[in-house]
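*Asks:* predicted model, plus sequence, below.
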Amino acid sequence: MKKLFENSNLNYEEISNMVSNGALIIYPTDTVYGLGASINKKKSLEKIYKIKERDEKSPLIALLSDKKYVEKITVINELNRKKVEKLIETFWPGGLTIILDKKSIIPPNMVSNGSSVGVRIPNHKSSIKIIESCGGILATTSANISGEPSPRSYEELSEKIKSRVEIVINDNETPKGIESTIIDMRGTPKILREGHITRIDIEKIIGKVK
């Protein structure tokens, strides 16, 4: 059964129970609307790719409710630990996704059988509460059919993708509409995508990056 939750009436316990039982959720973040699933549900992760009509070679990221979950699912290169901590302290919650080596708790089909995972805390109150209610970690991608624009508001969500999930959140805290910046911190810091946070912003904190 599909559930539409309004921002003024979010039942976090019900959302948590549904996600833990395999439901997919469309929910707002600070950048764009996201499509999420439990990292513990392999079939739900597979379903994300199917409903987005997306190549499984494109990894999902992990949105977190608190920085305490970072090292539950990743390994930080000790050579970069101080830089990673500075990035987290400066830009989280916010539009910076940090790529780190993953721990075995992250299932292979979430990250295209790769050895790394992107992590981020969104700067959005209701999404943080949703993620926390679901165990503090949600595998997430943008809530759009592959090739279509990422939805910047509830109104921009396609009926097609809404019809394919169990939970949809209609929230009046509008995303910024700019996707997160992605930086790889496994070795020499490297920006993979410049988005909400600029290269200049990052270099002011940790020095030159590729």
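*Replies:* Yep, that arrived. Numbering: from 1, shown residues only.

*Asks:* next, the closest residue to residue 116 other than its chain neighbours: phi, psi?
*Replies:* Distance criterion CB to CB, 6 or more residues apart in numbering; nearest residue to residue 116, sequence neighbours excluded, is residue 99 at 5.2 Å. All C-beta atoms are positioned from the backbone trio N, CA, C, and that covers glycine. Main-chain torsions, residue 99, degrees, to the nearest 10: phi -90, psi 130.

*Asks:* contacting residues for residue 99?
*Replies:* Residue 99 sits next to 116-118, 182-186, 192 when contact means CB atoms under 8 Å, 6 or more residues apart in numbering.

*Asks:* looking at these, which is nearest residue 69?
*Replies:* residue 117 (11.6 Å; CB to CB).

*Asks:* name the residues that touch the host helix or strand of residue 203?
*Replies:* Following DSSP states H and E, one finds residue 203 within helix 199-206. For helix 199-206, the surrounding residues in contact (CB under 8 Å, 6+ apart) are 83, 86-87, 90-91, 96, 181, 183, 189, 191, 209.

*Asks:* what count of nearby residues applies to the residue lying closest to residue 27 once chain neighbours are set aside?
*Replies:* Distance criterion CB to CB, 6+ apart; nearest residue to residue 27, sequence neighbours excluded, is residue 169 at 4.3 Å. For residue 169, the neighbour count with other CB atoms under 10 Å is 21.

*Asks:* torsion angles phi and psi at residue 169?
*Replies:* phi -110, psi 120.

*Asks:* likewise for residue 11?
*Replies:* phi -100, psi 90.

*Asks:* and it, what's its pLDDT?
*Replies:* pLDDT, the model's per-residue confidence, is 88 for residue 11.

*Asks:* from residue 53, how far out is it?
*Replies:* Residue 11 sits 30 Å away from residue 53, going by CB to CB, to the nearest Å.

*Asks:* strands along this structure, start to end?
*Replies:* Applying DSSP state E to the chain gives strands spanning 3-6, 25-28, 33-37, 61-64, 74-75, 96-102, 116-120, 137-142, 167-170, 181-184, 190-193.

*Asks:* buried residues, the last one. List them.
*Replies:* Taking 16 or more other CB atoms under 10 Å as the neighbour-count basis, strand 190-193 is seen to contain the buried residues residue 191.

*Asks:* go on, stretch 187-204?
*Replies:* The neighbour-count check on stretch 187-204 (16+ other CB under 10 Å) flags 189, 191, 194-197, 202 as buried.
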